[in-house]
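Asks: sequence and predicted structure below; questions after.
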Amino acid sequence: MADLLTPQLNAESSAPDWLQARRLAGRAVWESSELPTRKTESWKYTSLFALQRPFMAATESAESAEELGFELPQLAGSRLVFVNGFWREDLSDIVPDEAIELVRFSEADQTQAALIAQHLGSVVPGNKHPFSALNDAVLADGVFLRIQKGSKAACPVQLVWHNSQQVDTAINSQRLLVLAEQHSEATVVEHFSGQGHSFTNGLSELILAAGATLNHSRLHLESAEALHIGGLHAALDRDATLNSFHVAFGGKLKRVDIVINHQGRGAHCQLDGMYLLRGQEHADYHTCIEHAVPHCTTDETFRGIVGDKASAVFNGRIHIHPDAQKTRAELSNKNLLTSATAEVNTKPELEIYADDVQCAHGATVAQLDESMLHYLRTRGIPADEALVLLSYGFINALVEKQRLESLRDFLKPLLADYFGAALAVDSDDAAG
Amino acid sequence: MLSIKDLHAEVEGKNILKGLNLGIREGEVHAIMGPNGSGKSTLGHVLSGRPGYEITQGSVEFLGKDLMELDTEERAQLGLFLAFQYPVEIPGVSNMEFLKASVDAVRESQGASAYDTVGFMRRAREACTAVDLDQAFLKRGVNEGFSGGEKKRNELMQMMLLEPRLCILDETDSGLDIDALQVVASCVNAMRSDSRSFLLVTHYQRLLGYIEPDFVHVLADGRIIKSGDKSLALELEAKGYSWLNDGEVA
Ligand SMILES: Nc1ncnc2c1ncn2[C@@H]1O[C@H](COP(=O)(O)OP(=O)(O)O)[C@@H](O)[C@H]1O
Ligand SMILES: [Mg+2]
């Protein structure tokens, strides 16, 4: 697909050698691969038609936070902001924390660069995903977060990738590498937002060493016109815990591949996700949990509300390898359709090669519960309002599960806005 | 206030209520007792307009309106309240969000202005205290993970905030310890007024020791087979229901 990269994107860069080598390798894979089509099984319901024009480099923007229309969670921690892929020091804020090392690839010192070069791409199967190769091919900068062995980060780290209005062939390439060392603990929030047209290729890798705990969220709060093809790849060593929460609003085309690799005994993953679509939006979550070793657990819950002419795809694969005895894996995907023209394609894909496992799954287009609806109406709430309240509850139940209170507070008004409901009471004041 | 005449109702094609008559005037407290499966909860559900509970004969008038012509929410807005025997759980909707939506809807229908958020929260906290529930329950999902007793208290809290005209309490006393029972009683007694009526569905005389009813009815096989004053409850407690059935057959 050489013809899909403009000369500008192919140009030599001043990147250090290790980065340059990665770009060249990525470019080679990208050039020899084909763009998936609807005939490709994992792209059956998602068309890449919107992308079939040469990509170009995004342009730098100097707009203020206000002009950019920022709405960011106030998480009281470090915040790194990139606009159109360019680092914006003026909008960023790094809070010193002994437990973590937080650096951009372009600023990495020798030791850091060696760590990045060692781990970057170690979890992503580079030759399988053309869009991961694309990410490598145009890699200019990225963020490296290391949580020191045995330490707990004092406050959350927030990474913001924002797009200003652009043409939708301009690539905003984002890269994150998190290395959570043994028995460390941290909270990371990835935030994608923007105005108007844009194309983002966001790729994140999480490496959790033995006993590490990582609370991770990935928020897609992009505009209705935005395109995003991205991935999250995680590797969990012995007794590591990954809590990963995914939110998607908006987007003409959004495709996120989530791959969790249980590689050490006793690892646990709680994977939650929600998508709220309307208009002509399209979101496609492909998740894959690889249980390669015994005694690991997975709790995966995705919920979606799809209205108007929007469409959603959920494909949840759980692969239990022959050695992975005593695995416990649960997968649930429930969807509410709020219009007759909305569409959902949901499919669990279980591949179980071990015999002593507990595995439960369900993928449904759900109905709101009649008895709940009646209960609300007996309290004087009109049926249409009651339906909205129940739809909100269906999604909010997932938000309530999240550990980071400031994130819950941030999401509540967005939900209220989506549901067009006056959810007047801030429940955190309720007990005040 | 409420006038039920010759009410017949069926659930899933099965006749449950078979010619029930009951009249409740303003300010009165009525108790309904009766064996399991006699149709007590069905009566509450029918009055609330629950889908699947179909009226096949008879009439119900509430505050001068034909109740059966009204939607469930309109009945509530008019002042009908049912404390459920088994309240449902609604995860993801906090009790506070639910209570506010409910009270706002009822007040709006009555042409009253909505409470401001701060004022409402104060009221909600007061109601919480009155039913002896920790304030933390306002933040939790509606009835989510509440114990049986906590669910019953939550029903009472809603009743206090909605200030209905007719309160139907379906076995609100069942499964409660003596302290909780006193909470139910003090809540009902505090709300008793000349313009508000109560219909208490109960299995036990116990509750009626704390809330003095004006009338006691026995419901059996879908009909009220005997009515009397509070002494009837004592008699039932002593003799059970069988003597009534025997009497009827004889
Ligand atoms: N949803 C239902 N479907 C079928 N039968 C029902 C349903 N609800 C109640 N019934 C039946 O109606 C009868 C009366 O039930 P109910 O009103 O709950 O009695 P009570 O409250 O007096 O114990 C019982 O025989 C019960 O099995
Ligand atoms: Mg009952």
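Replies: All right, it came through fine. Being a predicted model, the structure only gives us computed values, none of them experimental. Ligands and ions are numbered 1, 2, ... in the order given.
Asks: please enumerate the helices of chain B.
Replies: B:40-48, B:72-78, B:95-109, B:117-130, B:148-162, B:178-191, B:205-208, B:230-239, B:242-249 (DSSP state H).
Asks: the fifth one versus helix B:117-130: what angle between them?
Replies: Read it as helix B:148-162. Between the axes of helix B:148-162 and helix B:117-130, defined by axes from the mean of the first three to the mean of the last three CA atoms, to 10 degrees, the angle is 140 degrees.
Asks: go on, the first one?
Replies: Interaxial angle, helix B:40-48 versus helix B:117-130 (the same axes, to 10 degrees): 160 degrees.
Asks: contacts for helix B:40-48, please.
Replies: Residues from elsewhere that reach helix B:40-48 (CB atoms under 8 Å, 6 or more residues apart in numbering or on different chains): A:374, A:378, B:7, B:9, B:11, B:16-17, B:20, B:32, B:34, B:53, B:55, B:60, B:67, B:72, B:75-76, B:80, B:82, B:84-85, B:168, B:170-171, B:201, B:219, B:222. C-beta coordinates here come from the backbone N, C-alpha and C atoms, glycine included.
Asks: in it, what's buried?
Replies: Buried residues in helix B:40-48, counted by 16 or more other CB atoms under 10 Å in any protein chain shown: B:Lys40, B:Ser41, B:Thr42, B:Leu43, B:Gly44, B:His45, B:Val46, B:Leu47, B:Ser48.
Asks: show the contacting residues for the residue nearest the centre of chain B.
Replies: Central residue of chain B (CA atoms, centre = their mean): B:Ile168, 2.0 Å from the mean position. By CB under 8 Å, 6+ apart, the residues touching B:Ile168 are B:Gly44, B:Leu47, B:Ser48, B:Leu80, B:Phe81, B:Leu82, B:Ala83, B:Phe198, B:Leu199, B:Val201.
Asks: not counting sequence-adjacent ones, nearest residue to the fifth one?
Replies: When you say that, I think you mean B:Phe81. Distance criterion CB to CB, 6 or more residues apart in numbering or on different chains; nearest residue to B:Phe81, sequence neighbours excluded, is B:Pro164 at 3.6 Å.
Asks: do you know the pLDDT at the one you found?
Replies: Looking at B:Pro164, its pLDDT stands at 97.
Asks: number of residues surrounding it?
Replies: When neighbours are defined as other CB atoms under 10 Å in any protein chain shown, B:Pro164 has 24 of them.
Asks: how much space between it and B:Asp173?
Replies: Using CB to CB, to the nearest Å, B:Pro164 is found at 19 Å from B:Asp173.
Asks: related to what we said a few turns ago, any idea how far the residue nearest to the centre of chain B lies from ligand 1?
Replies: If you measure B:Ile168 against ligand 1 using CB to the nearest ligand atom, to the nearest Å, the figure is 12 Å.
Asks: now pLDDT too, for the contacts of B:Ile168, in CSV please.
Replies: Listed next are those as CSV, based on pLDDT from 0 to 100:
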residue, pLDDT
B:Gly44, 97
B:Leu47, 97
B:Ser48, 97
B:Leu80, 98
B:Phe81, 98
B:Leu82, 98
B:Ala83, 97
B:Phe198, 98
B:Leu199, 97
B:Val201, 96
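Asks: can you check the pLDDT for the closest residue to chain A within chain B?
Replies: Closest residue of chain B to chain A, CB to the nearest CB: B:Gly92 (3.2 Å). Looking at B:Gly92, its pLDDT reads 94.
Asks: which parts of chain B sit against ligand 1?
Replies: B:Val11, B:Glu12, B:Lys14, B:Ile16, B:Gly34, B:Asn36, B:Gly37, B:Ser38, B:Gly39, B:Lys40, B:Ser41, B:Thr42 (CB under 6 Å from any ligand atom).
Asks: now with 5 Å?
Replies: Neighbours of ligand 1 within chain B, by CB under 5 Å from any ligand atom: B:Val11, B:Glu12, B:Ile16, B:Asn36, B:Gly37, B:Ser38, B:Gly39, B:Lys40, B:Ser41, B:Thr42.
Asks: now the residue nearest to the centre of chain B: how far from ligand 2?
Replies: Separation of B:Ile168 from ligand 2 (CB to the ion, to the nearest Å): 12 Å.
Asks: same question, B:Asp177
Replies: Using CB to the ion, B:Asp177 is found at 20 Å from ligand 2.
Asks: mind checking which helix or strand the residue nearest to the spatial centre of chain A is in?
Replies: Nearest to the centroid of the C-alpha atoms of chain A, with distances taken as CA atoms, centre = their mean, sits A:Arg218, at 4.0 Å. A:Arg218 belongs to strand A:213-221 when assigned by DSSP states H and E.
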